[in-house]
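In: Return atomic coordinates for the entry below.
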Amino acid sequence: MRSKGFTLIEVMIVVAIVGILAAIAYPSYVEYTKKTRRAEASAVLFEAAQVTERQFSRTGAYAGAPIPTRSPITGDAVYNVALANGAGTDGGYLITATAVAGGVMAGDDCATMTINALGQTTPADDKCWRE
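Out: Okay, the predicted model is just below:
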């Protein structure tokens, strides 16, 4: 009579194959989620710049513009967003998105993203500002 089932060696081979596939897929997944967070933060910064410009056209001042204070706007914050008065070289304001300490974006190249009244963005890395 023949026994039905898998041998220990067969199970170990399947586990090893699944482990190798997971080791290959996980870094891609992490980079994909970071790319999504960067795109969301850049969208929030561009939106905040538009809101700030509308505030200036209504009141003659950038201060007090009702910009979003974090990204994403709902759920757990990944970036904190702040508006500051800029120097003359900034055109009047500077909006900064800073990664939450200890968060998924904390060690990323795009952990701090800024846009000013002249439309200049930092960092200059294209991966931070994909549209």
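
In: Now do the same for A41: helix, strand or coil?
Out: helix (DSSP: H, G, I helix; E, B strand; the rest coil).

In: mind showing which ranges of the protein have poor pLDDT?
Out: 1, 88, 131 (pLDDT under 70).

In: Can you show me the strands along it?
Out: 70-71, 79-85, 93-99, 112-116, 121-122 (DSSP state E).

In: Please produce TSV containing these, extended by mean neighbour count and distance to I13.
Out: C-beta coordinates here come from the backbone N, C-alpha and C atoms, glycine included. Output for these, formatted as TSV (neighbours: other CB atoms under 10 Å; distance: least, CB to CB, whole Å):
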stretch	mean neighbour count	distance to I13
strand 70-71	22	44
strand 79-85	18	44
strand 93-99	22	41
strand 112-116	20	46
strand 121-122	16	50
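
In: Give me the phi and psi for V78.
Out: V78 adopts backbone torsions of phi -110, psi -40, taken as degrees, to the nearest 10.

In: Chain neighbours aside, what residue packs nearest to it?
Out: Closest residue in space to V78, ignoring its immediate chain neighbours: R37 at 5.1 Å, by CB to CB, 6 or more residues apart in numbering.

In: L21: which of the strands of the chain is closest?
Out: Closest of these to L21 is strand 93-99, at 29.9 Å (criterion: CB to CB).

In: got the CA positions of that closest one in PDB?
Out: Extracted C-alpha coordinates of strand 93-99, given in PDB (Å, rounded to 0.1, in the frame of the first residue of the first chain):
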ATOM      1  CA  TYR A  93       7.200  81.400   1.600                       C
ATOM      2  CA  LEU A  94       8.600  77.900   2.000                       C
ATOM      3  CA  ILE A  95       6.500  74.800   2.500                       C
ATOM      4  CA  THR A  96       8.300  71.800   4.000                       C
ATOM      5  CA  ALA A  97       7.300  68.100   4.200                       C
ATOM      6  CA  THR A  98       9.400  66.300   6.800                       C
ATOM      7  CA  ALA A  99       9.200  62.500   7.300                       C
END
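
In: Noted, bye for now.
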